Every structure is written in C-alpha cells, then in structure tokens.
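S.K.: Just a sequence and a predicted model for now, questions to come.
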Amino acid sequence: MAAISKKRKEALAKHDLTQVRSLLEAAQVVKDITFTKFDASVDIDVRLGVDPRKADQMVRGVATLPHGTGKTVRVLALVPADKEAEATAAGADFVGLDDYIAKIEKGWTDIDVIITMPSVMAKVGRLGRVLGPRGLMPNPKSGTVTTDVAKAVQEVKAGKIDFKVDKTGIIHCSVGKVSFDPTKLAENALEVIQTLGRLKPSSSKGTYIRSITLSSTMSPGVPVDSTVSSAQ
C-alpha cells in the first residue's frame, strides 16, 4: 500500500469521516482531504431503497448541473447530412453518420456522449454490442435520441449528465472537480438528489434515499445527511 503523505495524514486526522454532514460541509471536507496533483473529480454516491432487478424499480434519468461538471465532454452527433451543420454549430466535436458508424464498428470509442435521431436509430442500433458495455448507447430516456439535436448537444456541453442505478441499488455520478468552490459542488450535488427524488418509483417501499456519500477520485467517502433539502 502506498504511504500516506504527511499533509494527507494531517487532513484525515482533522476530520471525523464517520460524521454525517450537510452537503456544503461534506464538499469542504472532500476538498480538504484530496491531495492529487491533478484536478480530481468529485463524485456522489446515493444508495436507493429499490430493487434494480425489477423493471418498475429501475431508476434512470438526467440532471443538468447548474455549475457544469468541469469536464471537457466530447460529443459525437450521428445525424443525416441535412442536420450536420446544425450539430456542428451547437458544439458537437464529431459530426457524421456512416463514416463514424464504420469507425465505431472497428472499435473507436474516443468520445463521451453520442447524440442521434430517431430516423437513423436503425443504423445506430447495430452498434449496441460496442457502445452498450461502455455506457455510450444513445437512449431516448436520457435525451440522446432526439429530433432537436442542437438543443441536446448544447445541454450536454453545459453540464447535463445521465445516470442509472447499478445492480446494487447505487447511483454514482460526477458533480464537479476539486477545484470548484464548495458551494458549487453542494449545489450540483443537490440537483442530482432532487432529481432522484422526483424519479422515485411508486413501487419502492420504505426509505427511498438510504445513504449519500461525497468523495473525490482519490479520497475516502464523506457521509451526507440523507434527508438533505438544501445545499447548505
């Protein structure tokens, strides 16, 4: 195991990582205990009281983070020729159709989000074997299969994220970077939590949001009050 630096040891000693905190406090603690040489991502993990094996308890959705993710999102727009200019103007990094489909079939996946249209899903659908395991397959529920390609591209570039509960009942997504002000991290995290609240399945019984944790790429998790209703 790698040795813990003196600075990190001091920071960890200063904070009780079993203490449940507000979003703002947790964001500050994550910043205090992160000592990476790069601008680490800050992530939120929310354990839900759902059974993902049941179709009516599969929680999936999108949230637009008010302060963005801090990441440069590479967007591919798989669109017909008459929509290419629109997608390019909206900020898509790669635009086309058949050429990119052929490229992906050969294994190219150097992108973060793919946006496409219902009219070309018959072609895009055959990429499921390559894109599915990487979480890149466009989906109407996440807004990546749409007739308004320009709007979808702009939203993704502005900080729109999509999430899906994993098989253990946990939602995991990024809410910014360690360089963000703690208030911005807290407000981004609150947007995810509030979105999850609106997506509660009617068949979910008992406590819906079981636990919330904030962490950075290289930090321990910091517990957050699961009844949180504000970013403070």
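M.R.: Nice, thanks for sending it over.
S.K.: Spatially central residue in this structure, please.
M.R.: Relative to the mean C-alpha position of the chain, the nearest C-alpha, by C-alpha atoms, centre = their mean, is the one of residue 173, at 3.7 Å.
S.K.: For the closest residue to that residue other than its chain neighbours, which three-state class applies?
M.R.: Ranked by C-beta to C-beta, 6 or more residues apart in numbering and with sequence neighbours excluded, the top spatial neighbour of residue 173 is residue 163, at 4.6 Å. C-beta: built from backbone N, CA, C; applies to glycine. Per DSSP: H, G, I helix; E, B strand; the rest coil, the local secondary structure of residue 163 is strand.
S.K.: now do residue 44
M.R.: At residue 44, secondary structure determined by three-state DSSP is strand.
S.K.: and it, what does it touch?
M.R.: If a contact means C-beta atoms under 8 Å, 6 or more residues apart in numbering, then residue 44 has 171-175, 189, 192-193, 212-214 as its contacts.
S.K.: Now, these that are in strands?
M.R.: Counting by DSSP state E, the members of these that fall within strands are 171-175, 212-214.
S.K.: so can I have CSV of these showing distance to residue 88 and pLDDT?
M.R.: Putting the ones in strands among the contacts of residue 44 into CSV (distance: C-beta to C-beta, whole Å; pLDDT from 0 to 100) gives the following:
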residue, distance to residue 88, pLDDT
171, 33, 96
172, 32, 95
173, 28, 93
174, 26, 93
175, 29, 95
212, 39, 97
213, 39, 96
214, 37, 96
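S.K.: Of the contacts of residue 44, which is the nearest to residue 64?
M.R.: Proximity to residue 64 was ranked across the contacts of residue 44 by C-beta to C-beta; first place goes to residue 192, at 10.2 Å.
S.K.: Distance of the residue nearest to that closest one when sequence neighbours are not counted relative to residue 78?
M.R.: Of all residues beyond its chain neighbours, the one nearest residue 192 is residue 63 (5.1 Å), with distances taken as C-beta to C-beta, 6+ apart. The gap separating residue 63 from residue 78 is 24 Å, by C-beta to C-beta, to the nearest Å.
S.K.: Show me where this structure has its helices.
M.R.: When secondary structure is read from DSSP state H, the chain shows helices at 6-14, 23-32, 84-90, 98-105, 121-124, 128-131, 149-158, 182-198.
S.K.: sorry, back to before: for residue 63 and residue 78, indicate the residue with more neighbours.
M.R.: residue 78 (28 against 21; other C-beta atoms under 10 Å).
S.K.: ok, that one - contacts?
M.R.: Counting by C-beta under 8 Å, 6+ apart, residue 78 has contacts 96-97, 100-101, 114-117, 120, 123-124, 138.
S.K.: What's opposite it in the beta bridge?
M.R.: Here residue 78 sits in beta bridges with residue 96, residue 116, as judged by DSSP bridges.
S.K.: Brilliant, that's me finished.
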